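Chemist: Got a sequence here, can you model it:
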Amino acid sequence: MILADAIVGLGASIGAGIAAIGAGIGIGKIGAAAMEAIARQPESAGDIRSNMIVIGALVEGVALFAVIVCILALFVA
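Modeler: Numbering: from 1, shown residues only. From the prediction side, this is the model:
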């Protein structure tokens with residue numbers, strides 16, 4: 001039983017780490033694409049920036065849900 005708890009803890013930790021890394025990569029790609037779009041069309045910088053913020057918030061929300069699911073796996077299993 002102790003081994004099963006350790007495996008669940010390891011899986012939850014790896015899952016939370018992957019979720020955080022994925023969110024970081026996703027937001028980095030969003031930022032890079034937004035900066036490139038602003039460089040190409042500076043007159044639409046406000047629209048691009050607001051869309052970037054909304055999409056970044058959605059990515060962070062998904063990552064937060066993933067981390068919460070990993071934390072819940074520790075207590076439920």
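Chemist: Quick check: phi and psi at residue 41.
Modeler: Taking degrees, to the nearest 10, you get phi -130, psi 80 for the backbone angles of residue 41.
Chemist: so what's it up against?
Modeler: Residue 41 makes contacts with residue 48, as judged by CB atoms under 8 Å, 6 or more residues apart in numbering. Where C-beta positions appear, they are placed from N, C-alpha and C, glycine not excepted.
Chemist: Which residues belonging to the helix or strand hosting residue 55 are considered buried?
Modeler: Using DSSP states H and E, residue 55 falls within helix 45-76. Neighbour counts using 16 or more other CB atoms under 10 Å place 48, 52, 56, 59, 63, 66-67, 70, 73 of helix 45-76 among the buried residues.
Chemist: now, which of the residues you listed sits nearest residue 29?
Modeler: Within the buried residues of helix 45-76, the smallest distance to residue 29 is 9.4 Å, found for residue 59 (CB to CB).
Chemist: Apart from its neighbours in sequence, what residue is nearest the closest one?
Modeler: With sequence-adjacent residues excluded and distances taken as CB to CB, 6 or more residues apart in numbering, residue 59 is closest to residue 26, at 4.5 Å.
Chemist: pLDDT of the helix or strand harbouring the one you found, averaged?
Modeler: According to DSSP H and E, residue 26 maps onto helix 2-40. Averaged across helix 2-40, pLDDT comes to 93.
Chemist: Please name the nearest non-neighbouring residue to the spatially most central residue of the chain.
Modeler: Centroid-nearest residue in the chain: residue 23, 2.3 Å away (criterion: CA atoms, centre = their mean). Residue nearest to residue 23 in three dimensions, not counting chain neighbours: residue 63, with 3.4 Å by CB to CB, 6+ apart.
Chemist: what about that neighbour, distance to residue 30?
Modeler: To residue 30, residue 63 is 13 Å away according to CB to CB, to the nearest Å.
Chemist: Relative to residue 70, how far out is residue 54?
Modeler: In this view, residue 54 and residue 70 are 25 Å apart by CB to CB.
Chemist: who touches the nearest residue to residue 20 once chain neighbours are set aside in this structure?
Modeler: Leaving aside its chain neighbours, residue 20 sits nearest to residue 63 (6.4 Å; criterion: CB to CB, 6+ apart). Contacts for residue 63 (CB under 8 Å, 6+ apart) come out as 19-20, 22-23, 26.
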